[in-house]
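[1] next input, structure requested:
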Amino acid sequence: MQIRKSNRGETEVFTEALNDILFILLMFFLIVSTLANPNVIKLSQPKSQGDTKAKQNVVVSIDANKQFYVGTTAVAFDSLKALLQPIILKEKTAIPTIVINADKTVEIDAVVRVMKVAKELGARTVLSVEKQ
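    Coordinates of the predicted model:
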């Protein structure tokens, strides 16, 4: 009885270029993720020495034309409370936070009006400023 060995060649997968491709993809996604800015409303903010970090539940922006934005959606001030109420109620944190992102040319009255709405909803407010 003759037993033969099968002389099959071993199969190999060519993976030398895989490292290069993965590195290029990693660099691409790192660069793209730093370019993504969720706060697309351009404002020039007042400057401050201190730096306070707060968990942002809702961002209310006020531009130089006194236009109010919730996130990036433009809203009238009259409908601001109705739009913020469901967002504040679904938050699981003890005290929800509304971050006010106002242009430095905006009169303080507009900022105070947003603070009053936040107080009525039981949320605290944080005024966003640029660090010097």
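[2] could you list the low-pLDDT ranges of the protein?
    Scanning the chain with the threshold set as pLDDT under 70 gives 1-2, 4-7, 36-56, 92-93, 130-132.
[3] name the helices or strands packed onto the longest helix along the chain?
    Taking residue count as the measure and DSSP state H as the definition, the longest helix of the chain comes out as helix 16-35. In terms of contacts (3 or more Cβ pairs under 8 Å, 6 or more residues apart in numbering; DSSP states H and E), helix 16-35 is packed against no helix or strand at all. Where you see a C-beta, it was placed from the backbone N, CA and C, and this is true even at glycine.
[4] begin at 28 from now on, thanks
    All set: I'll call the first residue 28, so the last point we hit is now helix 43-62.
[5] check which residues of it are buried.
    Within helix 43-62, no residue counts as buried by 16 or more other Cβ atoms under 10 Å.
[6] what about that helix, distance to the chain center?
    Helix 43-62 has its average C-alpha position 23 Å from the chain's average C-alpha position, going by Cα atoms, centre = their mean, to the nearest Å.
[7] and that helix, C-alpha only, in CSV?
    Coordinates of each C-alpha in helix 43-62 appear next as CSV, following Å, rounded to 0.1, in the frame of the first residue of the first chain:
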residue,chain,number,x,y,z
GLU,A,43,1.6,44.1,3.6
ALA,A,44,-0.5,47.0,2.1
LEU,A,45,-3.2,46.5,4.7
ASN,A,46,-1.3,48.4,7.4
ASP,A,47,-0.8,51.4,5.0
ILE,A,48,-4.4,51.5,4.1
LEU,A,49,-5.6,51.3,7.7
PHE,A,50,-3.1,54.1,8.7
ILE,A,51,-4.4,56.4,5.9
LEU,A,52,-8.0,55.7,6.9
LEU,A,53,-7.2,56.4,10.6
MET,A,54,-5.5,59.7,9.7
PHE,A,55,-8.4,60.7,7.4
PHE,A,56,-11.0,60.1,10.1
LEU,A,57,-9.0,61.9,12.8
ILE,A,58,-8.6,65.0,10.6
VAL,A,59,-12.3,65.0,9.6
SER,A,60,-13.5,64.6,13.2
THR,A,61,-11.5,67.7,14.3
LEU,A,62,-13.1,69.8,11.5
